[in-house]
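Enquirer: fold the following.
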Amino acid sequence: MRRLAQAALVAAVGVAVHPVAAAPVSLFGTAEFRVESLAELPQWQRVLRRAEAEEGVVRACAERADRCPNRATRAWVALLRDIALLPPRAQVEAVHRFVNERKYRADSDNYGVSDYWATPLEFFRRSGDCEDYVIAKYRSLRLLGMPAERLRMVVVQDVVRDLPHAVLAVYLNGEALILDNLSASVLTQDSVGHYVPYYSVNEQARWVHTPPDAAVTAAMLGGVQPARP
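Expert: Model prediction:
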């Protein structure tokens with residue numbers, strides 16, 4: 001968890017910063033700056049590669065239940081099959097509910113380290129912490145065919161608990177939905193007032209988030225003007 005805050009600082013430093021409107025709405029009212037390189041987030045890159053490498057196991061599990069590594073994975077794959085033809089919003093709701101059924105477990109208890117980003121198969125075997133819920137939901141929706149540009153892992157500061165946290169943002173029908181392991185319901189971002197985003201990321205790019213004041217953001221990013229969605 002602590003490294004989420006450290007990574008937030010690293011994510012704000014990079015090259016090829018472009019003021020583009022990559023989504024129909026900006027997250028939590030911030031100015032967003034797209035950074036093409038994911039090099040500053042190696043843990044995100046690693047977990048995506050490892051998750052993609054698991055797809056053979058997922059396919060085998062879908063073909064034959066006795067090939068699933070455990071009951072939780074079997075239930076996950078069955079869920080994806082059952083909701084494959086539902087509308088996107090219904091898929092989002094179902095994935096959110098299913099993943100949130102897993103009990104929170106800290107990385108120190110799970111892996112004996114302060115920070116570890118788990119793949120879905122690892123998560124469904126051992127559960128995990130906030131970013132692991134996000135990764136499981138992200139990969140679930142990708143396996144259902146949702147485009148990467150509609151999804152972002154968002155690392156935020158929870159100003160109520162004074163802790164770094166991670167949520168999944170899903171862009172549907174012109175709004176950003178927030179999938180949070182602390183909430184049983186899928187939320188609209190307008191209903192969430194206690195999160196301040198550090199950065200957001202998907203498979204294609206990462207976004208630096210700064211205060212909406214143009215003078216502040218220009219000073220922070222060397223005169224680059226923010227895009228207005």
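Enquirer: got the contact list for the residue sitting nearest the centre point of the chain?
Expert: Centroid check for the chain by C-alpha atoms, centre = their mean gives residue 153 as the closest residue, at 2.2 Å. By C-beta atoms under 8 Å, 6 or more residues apart in numbering, residue 153 lies in contact with 44, 131, 134, 135, 138, 166, 167, 168, 169, 200, 201, 202. Just so you know, the C-beta spots here come from the backbone N, C-alpha and C atoms, and that holds for glycine as well.
Enquirer: okay, those residues in JSON lines with distance to residue 71 and neighbour count next?
Expert: As requested, the contacts of residue 153 are exported to JSON lines (distance: C-beta to C-beta, whole Å; neighbours: other C-beta atoms under 10 Å):
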{"residue": "44", "distance to residue 71": "29", "neighbour count": "21"}
{"residue": "131", "distance to residue 71": "24", "neighbour count": "30"}
{"residue": "134", "distance to residue 71": "23", "neighbour count": "27"}
{"residue": "135", "distance to residue 71": "20", "neighbour count": "26"}
{"residue": "138", "distance to residue 71": "22", "neighbour count": "29"}
{"residue": "166", "distance to residue 71": "26", "neighbour count": "22"}
{"residue": "167", "distance to residue 71": "27", "neighbour count": "29"}
{"residue": "168", "distance to residue 71": "24", "neighbour count": "28"}
{"residue": "169", "distance to residue 71": "30", "neighbour count": "23"}
{"residue": "200", "distance to residue 71": "33", "neighbour count": "29"}
{"residue": "201", "distance to residue 71": "31", "neighbour count": "23"}
{"residue": "202", "distance to residue 71": "30", "neighbour count": "21"}
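Enquirer: from those residues, which is closest to residue 208?
Expert: residue 200 (8.8 Å; C-beta to C-beta).
Enquirer: identify the bridge partners of the closest one.
Expert: residue 154, residue 207 (DSSP bridges).
Enquirer: tell me the pLDDT of it.
Expert: pLDDT, residue 200: 97.
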